[in-house]
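Sequence first, predicted coordinates after that:
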Amino acid sequence: MTRFEDERKEMIALLRKRGIKDELLLKAFQNVEREQFVLPAFVNRAYDDSALPIAHGQTISQPYTVAFQTEKLQAGKDSKILEIGTGSGYQAAILAEMGCRVFTIERHMELHLQARRLLEKLGYHVASRCGDGTVGWSEYAPYNGIIVTAAAPEVPQPLLDQLADGGRIVIPVGDLDTQSIRIIRKVGDRYESVDARGFKFVPLIGKEGWNGK
Ligand code: SAM
């Protein structure tokens, strides 16, 4: 057994302890090699329960945050999921490992290209593009789930418009210091939402995000 397998098991034990229950999701955490998605300087810390730096001053989110957001998405096999904020590609790999059809958008070209190459190399089939994710990806809408991995001042209307009936958006909303993760469910013409407090993300920059409008 390799050292990383031990560390991955410890990470999963911690996620269970913190309340993550979805077995499909925990199995994906078992199978995705997080050490592949961090910078070489941080490989030793790949399984710490903390966010780590990636290029362009961005981060790969903390494992608990990835697990929490993904569990709230209630994605299953064949769910069509849009991710805004590809970053390292780790979240996209977790969703692909769960059997979701994944579409992901990143605003930094370098991050987009690196993640695309890595996901291909690891055999994950993920549709990715570089651009402003605050306007969504209308070509493939509607989505069963939309997960946003950067913090928005408010929920971008195009994302609400691109959600399928019964689908969910999981998005951090707040000011630049702290945010709540908002879980929105579309039920017919209505949107039901609940907030979970106490998270911290990098900002969502774009037309319908910070620096927009
Ligand atoms: N999901 C990522 C992972 O698994 O590594 C975490 C990414 S990081 C917390 C958030 C990402 O959102 C950053 O890479 C940032 O460049 C990106 N981002 C911010 N605003 C964006 C936008 N309008 N469209 C697409 N990506 C955006």
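Yes, it's here. Numbering: from 1, shown residues only.

C-alpha from now on. contacts and neighbour counts both.
Noted.

Longest strand in this structure, please.
Ranked by number of residues, the top strand in the chain under DSSP state E is strand 163-174.

Show me what that one is packed up against.
helix 63-73, strand 143-148, strand 179-187 (3 or more Cα pairs under 8 Å, 6 or more residues apart in numbering; DSSP states H and E).

so what pLDDT did Lys213 get?
If you check Lys213, the pLDDT there is 52.

Next: Arg3.
Note on Arg3: pLDDT of 77.

Just the element for the closest residue to Ala55 other than its chain neighbours, please.
In space, Ala55 comes closest to Leu111 once its chain neighbours are excluded; the distance is 7.0 Å by Cα to Cα, 6 or more residues apart in numbering. Using DSSP states H and E, Leu111 sits in helix 109-121.

What are the buried residues along the following helix or strand past that helix?
Sequence-wise, the next helix or strand downstream of helix 109-121 (DSSP H and E) is strand 126-130. Buried residues in strand 126-130, counting neighbours by 16 or more other Cα atoms under 10 Å, are found at 126, 128-130.

Distance from strand 126-130 to the middle of the chain?
Computed by Cα atoms, centre = their mean, to the nearest Å, the chain-centroid distance of strand 126-130 equals 13 Å.

for it, packing partners?
The contact analysis (3+ Cα pairs under 8 Å, 6+ apart) places strand 126-130 against strand 101-106, helix 109-121.

touching the ligand at all, the last one?
No. Contact between helix 109-121 and the ligand is absent, the nearest approach being 6.7 Å (criterion: Cα under 6 Å from any ligand atom).

picking up where we left off before, return the distance of the residue nearest to Ala55 relative to Asn211.
Using Cα to Cα, to the nearest Å, Leu111 is found at 20 Å from Asn211.

higher neighbour count, those two?
Leu111 (21 against 11; other Cα atoms under 10 Å).

does Leu176 really touch Ile205, like I thought?
No. With contact defined as Cα atoms under 8 Å, Leu176 does not reach Ile205; the gap is 11.3 Å.

So for the two, which residue has more residues nearby?
Using other Cα under 10 Å, the more surrounded residue of Leu176 and Ile205 is Ile205, with 18 against 15.

for that one, what are its contacts?
Residues near Ile205 by Cα atoms under 8 Å, 6 or more residues apart in numbering: 132, 134, 152, 211-212.

So what does it have for phi and psi?
Note on Ile205: its backbone torsions stand at phi -110, psi 130 [degrees, to the nearest 10].
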